[in-house]
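Participant: sequence isn't available, so here's the structure alone:
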């Protein structure tokens, strides 16, 4: 059982380049999330999707766009990358039932913007 | 400033020692979740606390939520190298648990256990 799969795992970009981080889950979860993790800052929510067809901003949405392509997939796009977006990005999902705050995380995508 | 403050930021212990990690909020914690992260990997859910005074244990890890629901502690008894990693607390700060999984996280505590 794969759980939450993120690609790519590592990426180096130059300032101004664009890229898309892909995330897919095979647990039939309704809700999906994109977080970023920075040293000393913990995880901060970028965008989330409560269900297929809906997306909403989190705490730090500026510079990002998202697409909930279908129930399985939730992508994060950087249109014009900036050095401040150097971070580790985590995708997570949550099912309808079970424990409210139990999120299932991918292994992360480490992005460096030069 | 962080809504959730974890202390200490890092901890180095000898195998077999006990240790405690704290997570403090200025707001009421309507749900408190402890996660563990190994380097280069995603977060793994450990346990959830909701009620004031609640305590839960899993193997050698015990988590407590204080009566006022503004502080939680994670205690590891007789630590082992397998306990090493980053421990993060995540909280639902919305009344009624209405954050729908949009958790606020502490900055994490890096635990190193020397054999």
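Facilitator: Structure received. Treat the numbers as computed from the prediction; the structure is a model and nothing was measured. Numbers count the residues shown, from 1 in each chain, chains lettered A, B, ... in the order given.
Participant: what residues does chain A have near chain B?
Facilitator: A:4, A:31, A:33, A:35, A:40-45, A:48, A:50, A:58, A:90, A:92, A:94, A:99-108 (CB under 8 Å from any CB of the partner chain). Glycine gets a C-beta too; all of them are placed from N, C-alpha and C.
Participant: may I see the PyMOL selection of the buried members of these?
Facilitator: Here is the PyMOL selection string for the buried members of the residues of chain A next to chain B, based on 16 or more other CB atoms under 10 Å in any protein chain shown:
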select buried, chain A and resi 4+31+33+35+42+43+45+48+50+58+90+92+94+100+101+102+103+104+105+106+107+108
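Participant: can you tell me which of the residues of chain A next to chain B are in strands?
Facilitator: Judged by DSSP state E, those include A:4, A:31, A:33, A:35, A:42-45, A:48, A:90, A:92, A:94, A:104-105 as members of strands.
Participant: now those residues in CSV, with pLDDT?
Facilitator: Formatted as CSV, these follow (pLDDT from 0 to 100):
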residue, pLDDT
A:4, 95
A:31, 92
A:33, 95
A:35, 96
A:42, 86
A:43, 92
A:44, 94
A:45, 94
A:48, 93
A:90, 97
A:92, 95
A:94, 90
A:104, 92
A:105, 94
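Participant: now the residue of chain B at minimum distance from chain A, nearest residue through space, not along the chain?
Facilitator: As assessed by CB to the nearest CB, chain A sits closest to residue B:42 within chain B, at 3.4 Å. In this structure, residue B:42 finds its nearest non-sequential neighbour in residue A:105, 3.4 Å apart by CB to CB, 6 or more residues apart in numbering or on different chains.
Participant: and residue A:13, how far from chain B?
Facilitator: Per CB to the nearest CB, to the nearest Å, residue A:13 is found 20 Å from chain B.
Participant: oh sorry, the question was meant for residue A:86
Facilitator: 16 Å.
Participant: what is the burial count for the closest residue to residue B:10 other than its chain neighbours?
Facilitator: Leaving aside its sequence neighbours, residue B:10 sits nearest to residue B:110 (CB to CB, 6+ apart; 4.3 Å). Using other CB atoms under 10 Å in any protein chain shown, residue B:110 has 15 neighbouring residues.
Participant: remind me which helix or strand residue B:110 belongs to.
Facilitator: For residue B:110, the host element (DSSP states H and E) is strand B:109-114.
Participant: what does residue B:24 give?
Facilitator: Take DSSP H and E as the rule and residue B:24 turns out to sit in strand B:19-25.
Participant: the residue of chain B closest to chain A: how many residues sit nearby?
Facilitator: 20.
Participant: could you do the one 4 residues further on as well?
Facilitator: Around residue B:46 sit 19 other residues, with neighbours defined as other CB under 10 Å.
Participant: confirm for me that it is in contact with residue B:59.
Facilitator: No. Using CB atoms under 8 Å, residue B:46 is not in contact with residue B:59; the gap is 9.9 Å.
Participant: which ones are touching residue A:34?
Facilitator: Residues counted as contacts of residue A:34 (CB atoms under 8 Å, 6 or more residues apart in numbering or on different chains) are A:21, A:23, A:45-48, A:58, A:64, A:66, A:74, A:76, A:89-92.
Participant: need the pLDDT of it.
Facilitator: Each residue has a pLDDT score; the one for residue A:34 is 97.
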